[in-house]
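Asker: only the shape, not the letters, is given here:
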Ligand code: NAI
């Protein structure tokens, strides 16, 4: 009889490769199937490549504004081809790192498209590259793909290359002069920020009355103000009517506007990518394209798990990591469960935006009585030393009844780094009196978080 594995994993992105690492370390015989490159969207066409581009864009802005800091940089030249080449180098290194991590005695890597044959008393059977593999547990980590809204001309535009998604944006050798961005969410804002910093005229068209989804409204307003000053245009509460060969037509307040542009970036959301041949044979509960999971990431079928974007919960690479750890712990019989409440999210604009937990509005909707502290980042010596304009601020929210931190929202430099401290505060559920005993290094921007705690005591 052929070998029966402990775990089969479909997909080698952050959810899949972290599950393979944890399973192998836990002594489970594991098979991981990947038809493309390891690293998934995050490494190949998402988190990492965008951060390399955004860092180059930040350098451009710093050079342009350096005089205020006593540094003259007379001619700032941006070389897009060199930036893309550097991005490719970074991505290659990290993908190789994941491939090396998969070289574990308990992991078998199968290159090819996985097809699910079914499930019997021995477990789940998956076929790929002409071989069949049976595992007692199956983890689906198949990721997500760009959502394409039903806008006339959009499909044709994608075919002709006039409309691009984040994937193509990261490969394009030339910069557009005029860019129209459909969707003012995370991807739209990060790429709009990049293009605007390197000289492209950018207009963001968002159908809702505000950008950045559930992000704190004051932070959204601040970000729009900062980007407005740098020349970016926002059309909110706007409906895209049509994409033509060289323009985008939208409607705002009953007025039709034609925006001439040489590229359109589509960033109107992502949907779970779950068209795995044979998945339907397992009969797992679905919510449209998303695989429904519980707090152990198990689906309605015992032994079948779904981690990362494919379950549609919180499409973030670090969520996928944690979900993978929880799923593997459940397989190993270790007590663990996911807590989405304390998972931070970041928008890597310049300045950065980071949040975790409840906002004043979401807390109110849940009937939680909240005490909120708002502090300018100017309270930090390092912020003043490194920044000329006092645009940054931090909000910290306490549950007045439970006496613990339930939310934090920041706009400013290092926001992405300091938010982990706030996530720990929420996760620990310790009272502010206890939390302030932790000493923060000085000078750091994060000290403002500790200052805010004092105001809650
Ligand atoms: P999103 O859901 O963040 O934003 C999409 C935006 O497009 C929404 O504001 C929506 O109202 C708007 N929209 C939808 N249809 C539209 C239309 N026809 N016309 C105008 N506006 C329209 O989705 P996004 O930015 O594509 O990102 C996808 C996923 O990737 C998200 O779950 C995000 O969390 C994740 N991501 C995370 C990053 C990070 O953590 N830094 C970076 C990039 C992506």
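Answerer: All right, it came through fine. Quick caveat: nothing in here was measured; it's all calculated off a predicted structure.

Asker: contact partners for whatever residue of the chain ends up closest to the ligand?
Answerer: Closest to the ligand within the chain is residue 185: 1.7 Å, counting by CB to the nearest ligand atom. Every residue, glycine included, has its C-beta placed from N, CA and C. Residue 185 sits next to 211, 212, 213, 267, 268, 269 when contact means CB atoms under 8 Å, 6 or more residues apart in numbering.

Asker: the third one and residue 186 touch, don't they?
Answerer: The reference is to residue 213. Yes. Using CB atoms under 8 Å, residue 213 is in contact with residue 186, at 7.5 Å.

Asker: quick one, which of those two is more surrounded?
Answerer: Per other CB atoms under 10 Å, whichever of residue 213 and residue 186 has more neighbours is residue 186, with 24 against 15.

Asker: for the nearest residue to that one once chain neighbours are set aside, what are its contacts?
Answerer: Nearest residue to residue 186, sequence neighbours excluded (CB to CB, 6 or more residues apart in numbering): residue 347, at 5.4 Å. If you count contacts by CB under 8 Å, 6+ apart, residue 347 has them with 186, 189, 190, 212, 215, 223, 353, 354.

Asker: same check on residue 336?
Answerer: The neighbourhood of residue 336, defined by CB under 8 Å, 6+ apart, consists of 296, 325, 326, 329, 330.

Asker: between these, which is closest to residue 60?
Answerer: Among the contacts of residue 336, residue 325 lies closest to residue 60 (CB to CB), at 38.0 Å.

Asker: what about that closest one, how many neighbours?
Answerer: For residue 325, the count of nearby residues is 19 (other CB under 10 Å).

Asker: and the residue lying closest to residue 350 once chain neighbours are set aside, what's its pLDDT?
Answerer: With sequence-adjacent residues excluded and distances taken as CB to CB, 6+ apart, residue 350 is closest to residue 58, at 5.2 Å. The model reports residue 58 with a pLDDT of 96.

Asker: touching the helix or strand harbouring residue 58 from outside, list them.
Answerer: For residue 58, the host element (DSSP states H and E) is helix 47-64. Applying CB under 8 Å, 6+ apart, the contact partners of helix 47-64 are 39, 41-43, 73, 76, 78, 83, 86-87, 90-91, 94, 166, 170, 190-191, 193-194, 197-198, 317, 348, 350.

Asker: same thing but 6 Å
Answerer: Residues from elsewhere that reach helix 47-64 (CB atoms under 6 Å, 6 or more residues apart in numbering): 73, 76, 78, 83, 87, 90-91, 94, 170, 190, 194, 197-198, 317, 348, 350.

Asker: centre of the chain to that helix, how far?
Answerer: Once both centres are worked out by CA atoms, centre = their mean, to the nearest Å, helix 47-64 turns out to sit 17 Å from its chain's centre.

Asker: identify the residues contacting the helix or strand that it is followed by?
Answerer: Proceeding N to C from helix 47-64, the next assigned helix or strand is helix 80-101, under DSSP H and E. With contact meaning CB under 6 Å, 6+ apart, helix 80-101 is reached by 17, 21, 37, 38, 39, 43, 48, 49, 52, 56, 175.

Asker: quick check, pLDDT for the nearest residue to the second one once chain neighbours are set aside.
Answerer: What that stands for is residue 21. Closest residue in space to residue 21, ignoring its immediate chain neighbours: residue 101 at 5.9 Å, by CB to CB, 6+ apart. pLDDT for residue 101: 97.

Asker: next one: residue 47
Answerer: pLDDT, residue 47: 96.

Asker: kindly tell me how buried it is, as a neighbour count.
Answerer: 19.

Asker: could you check how far it is from residue 345?
Answerer: Going from residue 47 to residue 345 by CB to CB, to the nearest Å gives 12 Å.

Asker: ok, residue 296 next?
Answerer: According to CB to CB, residue 296 and residue 345 sit 22 Å apart.

Asker: of the two, who's got more company?
Answerer: Neighbours per residue (other CB under 10 Å) separate residue 296 from residue 345, with residue 345 holding more: 20 against 17.

Asker: for that one, give me its contacts.
Answerer: By CB under 6 Å, 6+ apart, the residues touching residue 345 are residue 355.

Asker: which strand residues bridge it?
Answerer: residue 355 (DSSP bridges).

Asker: check which element follows the longest strand anywhere in the chain along the chain.
Answerer: In the chain, with assignment by DSSP state E, the single longest strand is strand 131-140. The helix or strand immediately downstream of strand 131-140 is strand 144-146, counting by DSSP H and E.

Asker: partners of that following strand in the sheet?
Answerer: Paired neighbours of strand 144-146 in the sheet (DSSP bridges): strand 270-272 (antiparallel).

Asker: partner strands of whichever helix or strand comes after the partner strand and their direction?
Answerer: Remark: after strand 270-272, the chain's next helix or strand is strand 286-287, criterion DSSP H and E. With DSSP bridges as the test, strand 286-287 is paired with strand 290-291 (antiparallel).

Asker: show me which residues of the chain sit near the ligand.
Answerer: Residues of the chain lying close to the ligand (CB under 6 Å from any ligand atom) are 46, 149, 151, 182-188, 190, 205-208, 213, 240, 267-270, 315-316, 345-348.

Asker: among these, which ones are buried?
Answerer: Restricting the residues of the chain next to the ligand to buried positions leaves 46, 151, 182-188, 190, 205-207, 240, 267-270, 315-316, 345-348, with burial counted as 16 or more other CB atoms under 10 Å.

Asker: returning to what we had before: ok, which pair from the contacts of helix 47-64 is furthest apart?
Answerer: Pairwise over those, using CB to CB, the maximum falls at 73 and 317, 34.1 Å.

Asker: pretty sure residue 421 sits in a helix.
Answerer: Yes. Assigned with DSSP: H, G, I helix; E, B strand; the rest coil, residue 421 falls within a helix.

Asker: could you report the neighbour count for it?
Answerer: Neighbour number of residue 421 under other CB under 10 Å is 17.
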